[in-house]
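J.: here is a sequence with its predicted model. Questions after.
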Amino acid sequence: MGEKTKLDPKFAYWKGIPREEITWHPTVDESRCTGCGMCVTSCGRKVFDYDWERRKAVVARPLQCMVGCTSCQVWCIFEAISFPDPEYVRDLIKKRKVLSLVKKQLEEEGILKRSSFQNPFPPIHNPD
Ligand code: SF4
Ligand code: SF4
C-alpha cells in the first residue's frame, strides 16, 4: 500500500475485527462509470480517487469503506457501483460475536442500563 493509499489508523478495526480481514468495499464497473464524480465527492471516508485522464472513479482506499455501507451505490445513477451480498456482513456479525462487543460498548457509553437491555425502547402508549 503506498503512502497515499495507506489505511487511516482510525479505520484499522471494525467492531474489534482488523479491517484487513473484512472484504467489504465498492467495486466500480468502468464500462458504466461516466465519471460524474458523485461518489468521489460524497463519500465521507475518502474511499475514492478521481482519475482525471480517464475520467473514472477509482476505489483507492477500499479498507476505509464503512462495513455495511452502500451509500455510493445508491448515489450512482449509472448503476456502476456494486457491493458484496449484505448477508456477508450479517454472517460476520454472528460468527465474530460482534453483538457482545456492541452490548459492552453501549454499557460503557451509558446509553443502556443493564436492567432495560431486553427492551431498551419501550413502546409509546397513545393516551387514546
Ligand atoms: S457515481 Fe457512478 S458514474 Fe459517477 S463517478 Fe461514481 S461510479 Fe462513476
Ligand atoms: S459505501 Fe459508504 S463508506 Fe463505503 S465507499 Fe461508499 S459512501 Fe464511502
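T.: Received the coordinates, thanks. Ligands and ions are numbered 1, 2, ... in the order given.
J.: dump the residue contacts of the spatially most central residue of the chain.
T.: The chain has residue 66 as the residue nearest its centroid, 2.0 Å off, counting by C-alpha atoms, centre = their mean. By C-beta atoms under 8 Å, 6 or more residues apart in numbering, the contact set of residue 66 is residue 45. Yep, even glycine has a C-beta here, placed from its N, CA and C like the rest.
J.: from residue 58, how far out is it?
T.: Residue 66 sits 18 Å away from residue 58, going by C-beta to C-beta, to the nearest Å.
J.: can you give me the helices for this structure?
T.: 38-42, 71-75, 87-95, 98-108 (DSSP state H).
J.: per-residue pLDDT, residue 92?
T.: Per-residue pLDDT puts residue 92 at 97.
J.: switch to numbering from 8
T.: Understood, numbering begins at 8; the last thing we discussed is residue 99.
J.: for it, give its distance to ligand 1.
T.: Using C-beta to the nearest ligand atom, to the nearest Å, we find residue 99 at a distance of 25 Å from ligand 1.
J.: pull the number of nearby residues for that residue.
T.: 19 (other C-beta atoms under 10 Å).
J.: and it, what is it in contact with?
T.: Applying C-beta under 8 Å, 6+ apart, the residues near residue 99 are 24, 29, 74, 105.
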